[in-house]
Structure formats: C-alpha cells, structure tokens
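J.: with the input below, show me the fold.
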Amino acid sequence: MSRVLEIRSYTLKSGQRDEFHRVVVEQAMPMLKRWNVDVVSFGPSKHDTDSYYLMRAYDSLEHRQQSQDAFYGSDEWINGPRAAIIAPIETYTSVVIDADDALVALLRQG
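T.: I've put the predicted structure just below:
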C-alpha cells in the first residue's frame, strides 16, 4: 500500500529537549493515539542536543491535511499540551515523502 510519510524536524531552544521529550511522551503521544494518528517514530535526534524528530504516516496528502486540521484545531490540543509543546520550539520543518508499508514498518519504533 502506498502511503505518505511526514518527517518533522524540530530545533529546540537550548537546554529544553529533556522537558520537551517528557511532555511529548506523557501528553502528546497519548493524545495522538486517541486521534488515530499513526506515529511511526519520534525522539531526540542523535546529531546534537537541541534537535528532535517526529515521523507520522498517512494514507494520502489529503488524509494528512484532514488529520492535522482536525487535531490541531481541537479543543483537546488547544487547551491541552499545545503551549508546553510550542514554547521550546525555535523552528521546525516538515518533509513529506511517498512510502510503502515496508518502509513504514522498517522505520517504526518498537
């Protein structure tokens, strides 16, 4: 099955990564799971102390847009972990590529 894989790379404010990771694990990931977002992998990047990544898989570009519009527009996100997630982010970028199920499975965190 053909899917799209979003790879989001964050540059965090210096010294904020551990707290960012804690909020992601404790608040954002359970919420993403409730919203049926297919999080393939996430965590601190190995190349420096201020980088973080998130990979999400979607059925199509349209599915990605609909999913993100619903999630980021929800009261649960806005009144929940949004402020704690956004505050430590200096910049981020997203790259979206075609991916089949085999690639998604290979990248998936255990």
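J.: which residues in the protein form strands?
T.: Remark: strands assigned in the chain by DSSP state E are 2-12, 38-44, 51-58, 89-100.
J.: any idea which of those gets closest to residue 32?
T.: Proximity to residue 32 (C-beta to C-beta) singles out strand 38-44 among those, at 5.5 Å. In short, each C-beta sits where N, CA and C put it, glycine included.
J.: could I get the strands of the chain as a markdown table with distance to residue 75, mean pLDDT and mean neighbour count?
T.: Below are these laid out as a markdown table (distance: least, C-beta to C-beta, whole Å; pLDDT from 0 to 100; neighbours: other C-beta atoms under 10 Å):
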| stretch | distance to residue 75 | mean pLDDT | mean neighbour count |
| --- | --- | --- | --- |
| strand 2-12 | 23 | 97 | 18 |
| strand 38-44 | 21 | 97 | 17 |
| strand 51-58 | 21 | 98 | 19 |
| strand 89-100 | 21 | 97 | 12 |
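J.: make a markdown table from those strands and add distance to residue 68 to it.
T.: Compiled in a markdown table, the strands of the chain are given as follows (distance: least, C-beta to C-beta, whole Å):
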| stretch | distance to residue 68 |
| --- | --- |
| strand 2-12 | 9 |
| strand 38-44 | 12 |
| strand 51-58 | 9 |
| strand 89-100 | 10 |
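J.: of all those strands, which one is nearest residue 18?
T.: Among the strands of the chain, if distance is taken as C-beta to C-beta, the winner is strand 38-44, at 8.5 Å.
J.: tell me the angle of that closest one relative to strand 51-58?
T.: Counting by axes from the mean of the first three to the mean of the last three C-alpha atoms, to 10 degrees, strand 38-44 lies at 180 degrees to strand 51-58.
J.: what packs against strand 38-44?
T.: Applying 3 or more C-beta pairs under 8 Å, 6 or more residues apart in numbering; DSSP states H and E, we find strand 38-44 packed against helix 17-23, helix 29-34, strand 51-58, helix 101-107.
J.: need the winner for burial among the ones you listed.
T.: A comparison of these by mean neighbour count, using mean count of other C-beta atoms under 10 Å, puts strand 51-58 on top with a mean of 19.
J.: so what strands line up beside that strand?
T.: Counting by DSSP bridges, the strands paired with strand 51-58 are strand 2-12 (antiparallel), strand 38-44 (antiparallel).
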